[in-house]
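J.: Give me a model of this one.
(2 chains)
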Amino acid sequence: AQSVTQLGSHVSVSEGALVLLRCNYSSSVPPYLFWYVQYPNQGLQLLLKYTSAATLVKGINGFEAEFKKSETSFHLTKPSAHMSDAAEYFCAVRMNTGTASKLTFGTGTRLQVTL
Amino acid sequence: KAGVTQTPRYLIKTRGQQVTLSCSPISGHRSVSWYQQTPGQGLQFLFEYFSETQRNKGNFPGRFSGRQFSNSRSEMNVSTLELGDSALYLCASSLVELNTEAFFGQGTRLTVV
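T.: Purely as a prediction, here's the structure:
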């Protein structure tokens, strides 16, 4: 079975500081991995995805993530936080075999950006 | 191109009633999935439809059901509503290939009183 663990339900950074949101996955086969962002009372917006091409994936709004198979990790980073980055972030995994098309989400990390 | 459209955005229902939520996927997307989001349980997969057939189902009671029409639009129905069904219900559409992302609607906020 596939699963995702997000370490830290709340992360607070200063504006301009590095953002690091952690995600570890468990999957019996190489997975597809996604990071989504959710603003209050909104749906989920895709930030980036890993689909077994390049291990360093660049997404929107300056975010990127690196797939590390040896660590089963897919951490999300951004060099310099902006106030508009304050939101909840979800890591998700999807198996790449058969018809297992559902996404399994982590519990989410709420990012707070302070002045 | 228009995104995923969910209607209504907000809904208030009484315990014991039933409710139907609607989702129109992105044009050309044949897979539609539904998720329930609550503060306690997070994002939970309900079911997925592809070409009018339920392809995957999550671990929810039979009160939760859905269907998909020939134009890929989908509805989900919850019967005999309970207070615990209060949640944000999200619909996502995607292409059939597994390496493609799911696009989410803004959700329907259901409150059961």
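J.: Would you check that residue A:62 makes contact with residue A:78?
T.: Yes: contact status for residue A:62 versus residue A:78: in contact at 5.2 Å, counting by Cβ atoms under 8 Å. Placement of C-beta: from N, CA and C, glycine included.
J.: Please say which of these two ends up with more neighbours.
T.: residue A:78 (21 against 15; other Cβ atoms under 10 Å in any protein chain shown).
J.: which non-adjacent residue is nearest that one?
T.: residue A:19 (4.1 Å; Cβ to Cβ, 6 or more residues apart in numbering or on different chains).
J.: Same question for residue B:85.
T.: residue B:112 (5.2 Å).
J.: pLDDT at the one you found, what is it?
T.: Note on residue B:112: pLDDT of 98.
J.: what's the spacing between it and chain A?
T.: Computed with Cβ to the nearest Cβ, to the nearest Å, the distance linking residue B:112 and chain A is 18 Å.
J.: residues contacting that residue?
T.: B:12-15, B:81-86 (Cβ atoms under 8 Å, 6 or more residues apart in numbering or on different chains).
J.: most neighbours, which of these?
T.: Ranking the contacts of residue B:112 using other Cβ under 10 Å puts residue B:85 first, with 21 neighbours.
J.: who in chain B is up against chain A?
T.: B:4, B:6, B:31, B:33, B:35, B:42-43, B:45, B:48, B:50, B:55-56, B:58, B:90, B:92, B:94, B:98-99, B:101-107, B:109 (Cβ under 8 Å from any Cβ of the partner chain).
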